[in-house]
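Participant: next comes the sequence, and after it the predicted model I'd like to discuss.
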Amino acid sequence: MSPTLAEYVSVVTAAASEQLSPIWTGLAVTEAVGALHDLVPSLIDTYALAAGSLAADWYDDHREEKAIKGRFTALVPDLGDLGARQLVDWAVQPLTDLDEPDWNAARTRTEGGMQRRIAKASRETVMISRSPIRRPSVGSGSLAPTAARFA
């Protein structure tokens, strides 16, 4: 059985989080805040693109595996601003706004926010690329887009 899209995205987000490991050990608060502002936006852009590319490949493979007819290629959409700077501003608050810096809270916020944005790229790729094949919607009498079921 091939990996699910969620499993692929999990690997990508873990790799992005691993890039920040040195920040959480041995840096002063001001150095960590500066490093996060410098690194997180580019990490999100890089790993979101990777997740989108994996999602496009996964979607193409999924269509082939399900023998869906017709020519079709999934593409990674322009993701625009993923809010990385706002994420960092919010994520560092436990380091800057408390009497005693809470490194665990800052790390959880940063990694969770990165995961959310990277996964969004994957979801957007699949949603925008989904097959234009249509089927009747149950009970409505209208046509609704066919959406692949994702594990």
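Facilitator: Now that the structure is in, tell me what you want to look at.
Participant: all helices of this protein, in order?
Facilitator: Remark: helices assigned in the chain by DSSP state H are 5-18, 29-65, 84-91, 93-96, 103-129.
Participant: need the ones you listed in a markdown table (columns: mean neighbour count).
Facilitator: (Each C-beta comes from the backbone N, C-alpha and C, glycine too.) Listed next are the helices of the chain as a markdown table, based on neighbours: other Cβ atoms under 10 Å:
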| stretch | mean neighbour count |
| --- | --- |
| helix 5-18 | 17 |
| helix 29-65 | 18 |
| helix 84-91 | 17 |
| helix 93-96 | 16 |
| helix 103-129 | 19 |
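Participant: would you list those helices in a markdown table and tack on distance to T73 and mean pLDDT?
Facilitator: Compiled in a markdown table, the helices of the chain are given as follows (distance: least, Cβ to Cβ, whole Å; pLDDT from 0 to 100):
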| stretch | distance to T73 | mean pLDDT |
| --- | --- | --- |
| helix 5-18 | 17 | 94 |
| helix 29-65 | 6 | 92 |
| helix 84-91 | 28 | 97 |
| helix 93-96 | 42 | 97 |
| helix 103-129 | 8 | 93 |
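Participant: kindly reformat those helices as JSON lines containing distance to D78.
Facilitator: Below are the helices of the chain laid out as JSON lines (distance: least, Cβ to Cβ, whole Å):
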{"stretch": "helix 5-18", "distance to D78": "19"}
{"stretch": "helix 29-65", "distance to D78": "10"}
{"stretch": "helix 84-91", "distance to D78": "15"}
{"stretch": "helix 93-96", "distance to D78": "30"}
{"stretch": "helix 103-129", "distance to D78": "10"}
